[in-house]
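**Student:** Provide a 3D model corresponding to the input given below.
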Amino acid sequence: MANKGLTDDGEFSFTRSNSNSKISTGRNGLPKIQTHRKQPTNEAEVCHDDSATPVNAQTIDELHSLQKKKSAPTTPIKGTPRSEEERQKQQLQSISASLASLTRETGPKLVKGDPARKPETPKVVAHVDHSQFYYQTPTVGVSDSSLKFTHVLYNLSPAELYEQAIKYEKGSFITASGALATLSGAKTGRAPRDKRVVRDETTEELWWGRGSPNIEMDEHTFLVNRERAVDYLNSLDKVFVNDQFLNWDPEHRIKVRIVSARAYHSLFMHNMCIRPTPEELEEFGTPDFTIYNAGQFPCNRYTHYMTSSTSIDINLDRREMVILGTQYAGEMKKGLFGVMHYLMPKRQILSLHSGCNVGKDGDVALFFGLSGTGKTTLSTDHNRYLIGDDEHCWSENGVSNIEGGCYAKCIDLSKEKEPDIWNAIKFGTVLENVVFDEHTREVDYSDKSVTENTRAAYPIEYIPNAKLPCVGPHPKNVILLACDAFGVLPPVSKLSLAQTMYHFISGYTALVAGTEDGVKEPQATFSACFGAAFIMLHPTKYAAMLAEKMQKHGATGWLVNTGWSGGSYGSGNRIKLAYTRRIIDAIHSGGLLDATYTKSEVFGLDIPTAIEGVPSEILDPTNTWSDKKAYNDTLLKLAGLFKKNFQGFTNYKIGQDNKLTEEILAAGPNF
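**Tutor:** As a prediction, the model looks like this:
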């Protein structure tokens, strides 16, 4: 029988009675409880507290501060070592200069860190005037913007940006795969009619006029919009700043700074641009180009040249871009691509809207194609390494990816059809405007409730066979893809240099569009250089550079039809993807160069007579149409559309003697 009680000195004691023991009692006759021995004879008998040494913190806030340690460069910095305070001063000084109003003497007062968090230690505060660097805990809430502080969230990690988005941006959620689902607001795609480029002495060489994507504005109007964007950003409690690179070729890379109001935009650009190492950030200095993304704030419609509340403005002389009235992140990506289309040719570097991969033997292939041609599918090959999916440069050093990430379409995405993209949608990836189950957070990629233009932005290293760094030798093959819904182009044809230039400038594919009475018929689409919306110079300039590089490095041009055979859409059949892959494999291996060729009518294309794994009868379209008259009529119809489209380029002369222009025209359809 157990007895317990309270001793005279207040301690519990415990004894057990049996035939050989006495019952120990305390006051009031209660049994004693003995919980420990005051003088243990054996250490093993002692009851230990298994907790560790108490943490070195007096408050919960101090405890939380111990949870995070400061990041530091992993390798020695060149030159004289600088303190943390000095590094922060220089960073904030540079950002303050970027955000400086053009009508005031100084830039805004900046402080590093999240305004929602109480700083554990005083932060560095920066003003564009060197004498204005000082230390203090800022007081936020002063209405006068010249007195308030703007917090800078500088080059945050994806985890930090997730926190910011989830806490403060409505419409941000973590999906079941770990990706961050966001909303871009009312605009779910680019607004090309609202894009403007400052026309001045430095930009007279740009492509202006009929057919050009460049809509002009004057510098004064640009500065009005810039001031509106800067004032909006400075009015906020915090802004996100990304300092990053474009172009994986270190000899020709461009430093870009993106100032934005949303964590979504910061994470998007973190993924899409090339991410600098801590050591590279130390030497970043002044950016070569700056984006001011004030997309949540509209432009003033009474401002000259404005036709809506949206305006995307580029000033190539100031190396700046301003975004007002649209939160669609793709405007930043494509805006920078346009800038590269201007800056790179000045260095005799060709900028290209293309996919690019390389074989194990170093053979590089470029893939050009508009939406629906299979550019992403064919450039993503498990037997080859991916250099990039969308934007590239071709310099004297070879090819290099402009971007650090991929921007993939998600509509009807499936693991079976696009396993690499499917698996890349994980933590760190931005999902734009997708629909998901409110409980499980599983994404329904077939749901178009928000938009059909759903997208995923992820770092390129999320693709298993990505080549890092994203550079390669000079291309051996230039593959132009067309989904010909008219069904008259051969599945593959070898192009001469002049034909490559002609079809590169044309940028053809055919879409299937429904008419009011329900009849569907092909609709030809042309986009110069397979990216007319982004080029800055006349298409013939890019084509001449392409031909020069192909000739110098011995590259071969190919036209591959991924569309219909044996008839137009509705009567013929789509060329099987398995056949197209066999064709691409034959191009990569070099085997197709040794094939026997026949010349086609009208377009004058060289068609191979046999390819391993591809039925010979489908290689020549004349063999697959049962109605020969219908074939000829459709062939002439498409050739006429090519000629009509090319009329916009015939007045532009290449070279002093104009011979190159004449060669390109002669390489088109002849009838």
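
**Student:** which residues does the most centrally placed residue in the chain contact?
**Tutor:** Centroid-nearest residue in the chain, with C-alpha atoms, centre = their mean: Met272, separated by 3.0 Å. Met272 makes contact with 332-333, 403-405, 407, 457 under the criterion C-beta atoms under 8 Å, 6 or more residues apart in numbering. Backbone N, C-alpha and C define where each C-beta goes, glycine included.

**Student:** any chance of a markdown table for the residues you listed, columns pLDDT?
**Tutor:** Listed next are the contacts of Met272 as a markdown table, based on pLDDT from 0 to 100:
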| residue | pLDDT |
| --- | --- |
| Met332 | 98 |
| Lys333 | 98 |
| Glu403 | 98 |
| Gly404 | 98 |
| Gly405 | 97 |
| Tyr407 | 95 |
| Ala457 | 98 |
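
**Student:** buried residues in the helix or strand encompassing Leu665?
**Tutor:** In the assignment (DSSP states H and E), Leu665 maps to helix 659-666. Buried residues in helix 659-666, counted by 16 or more other C-beta atoms under 10 Å: 660-661, 663-664.

**Student:** okay, it in PDB with CA atoms only?
**Tutor:** These are the backbone C-alpha positions of helix 659-666, laid out as PDB (Å, rounded to 0.1, in the frame of the first residue of the first chain):
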ATOM      1  CA  LYS A 659      21.300  42.600-104.400                       C
ATOM      2  CA  LEU A 660      20.400  40.900-101.100                       C
ATOM      3  CA  THR A 661      16.900  42.300-101.100                       C
ATOM      4  CA  GLU A 662      16.500  40.900-104.700                       C
ATOM      5  CA  GLU A 663      17.800  37.500-103.600                       C
ATOM      6  CA  ILE A 664      15.300  37.300-100.700                       C
ATOM      7  CA  LEU A 665      12.300  38.300-103.000                       C
ATOM      8  CA  ALA A 666      13.400  35.600-105.600                       C
END
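
**Student:** helices or strands up against that helix?
**Tutor:** Judged by 3 or more C-beta pairs under 8 Å, 6 or more residues apart in numbering; DSSP states H and E, the packing partners of helix 659-666 are helix 497-506, helix 539-553.

**Student:** mind running it again at 6 Å?
**Tutor:** Helix 659-666 is packed against helix 497-506, with contacts defined by 3 or more C-beta pairs under 6 Å, 6 or more residues apart in numbering; DSSP states H and E.

**Student:** just for the protein, where's the confidence low?
**Tutor:** Low-confidence segments of the chain, defined by pLDDT under 70: 1-53, 55, 63-81, 104-106, 118-146, 513-520, 653-659.

**Student:** next up, the contacts around Ala610.
**Tutor:** Ser616 (C-beta atoms under 6 Å, 6 or more residues apart in numbering).

**Student:** one step back: what values do phi and psi take at the residue nearest to the centre of the chain?
**Tutor:** Backbone torsions for Met272, taken as degrees, to the nearest 10, come to phi -80, psi -30.

**Student:** related to what we said a few turns ago, mind checking how far the helix holding Leu665 is from the chain centre?
**Tutor:** For helix 659-666, the separation from the chain centroid amounts to 37 Å (computed by C-alpha atoms, centre = their mean, to the nearest Å).

**Student:** ranges for the helices of the stretch 101-250 of the chain?
**Tutor:** 158-168, 219-235 (DSSP state H, counting those that start in this stretch).

**Student:** can you say which of those is nearest to Arg574?
**Tutor:** helix 158-168 (39.2 Å; C-beta to C-beta).

**Student:** list the helices and strands that closest one packs on?
**Tutor:** So helix 158-168, by 3+ C-beta pairs under 6 Å, 6+ apart, packs with helix 263-272.

**Student:** C-terminal to the helix it packs on, what's the next element?
**Tutor:** Assigned by DSSP H and E, the successor of helix 263-272 is helix 278-282.

**Student:** one step back: as CSV, the contacts of Met272 with distance to Arg384 and neighbour count would be great.
**Tutor:** Below are the contacts of Met272 laid out as CSV (distance: C-beta to C-beta, whole Å; neighbours: other C-beta atoms under 10 Å):
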residue, distance to Arg384, neighbour count
Met332, 29, 24
Lys333, 25, 24
Glu403, 19, 27
Gly404, 20, 25
Gly405, 19, 30
Tyr407, 21, 21
Ala457, 23, 29
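
**Student:** just the residues you listed: which are in helices?
**Tutor:** 332-333 (DSSP state H).

**Student:** got CSV for the contacts of Met272, with distance to Lys238 too?
**Tutor:** CSV is the format used below for the contacts of Met272 (distance: C-beta to C-beta, whole Å):
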residue, distance to Lys238
Met332, 19
Lys333, 23
Glu403, 27
Gly404, 24
Gly405, 24
Tyr407, 26
Ala457, 22
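
**Student:** which pair in the contacts of Met272 spans the largest distance?
**Tutor:** Farthest pair in the contacts of Met272, by C-beta to C-beta: Met332 and Gly404, 13.3 Å.

**Student:** ranges for the strands of the stretch 301-450 of the chain?
**Tutor:** Secondary structure of the stretch 301-450 of the chain by DSSP state E, counting those that start in this stretch: the strands cover 311-315, 320-324, 350-353, 355-358, 364-368, 385-388, 391-395, 398-401, 405-409, 430-432, 435-436, 443-444.

**Student:** Asn453: which of the buried residues of helix 659-666 is nearest?
**Tutor:** Distances from Asn453 to those, taken by C-beta to C-beta, are shortest for Ile664, at 33.9 Å.

**Student:** got the contact list for the closest one?
**Tutor:** Applying C-beta under 6 Å, 6+ apart, the residues contacting Ile664 are 498, 501-502.

**Student:** so which of these wins on neighbours?
**Tutor:** Met501 (26 neighbours; other C-beta atoms under 10 Å).

**Student:** where's Val602 relative to Ala510, distance?
**Tutor:** Distance from Val602 to Ala510, counting by C-beta to C-beta, to the nearest Å: 16 Å.

**Student:** those two: which has the busier surroundings?
**Tutor:** Ala510 (29 against 16).

**Student:** in which helix or strand would I find the more buried one?
**Tutor:** strand 508-514.

**Student:** paired strands for that strand, with orientation please.
**Tutor:** strand 520-526 (antiparallel) (DSSP bridges).
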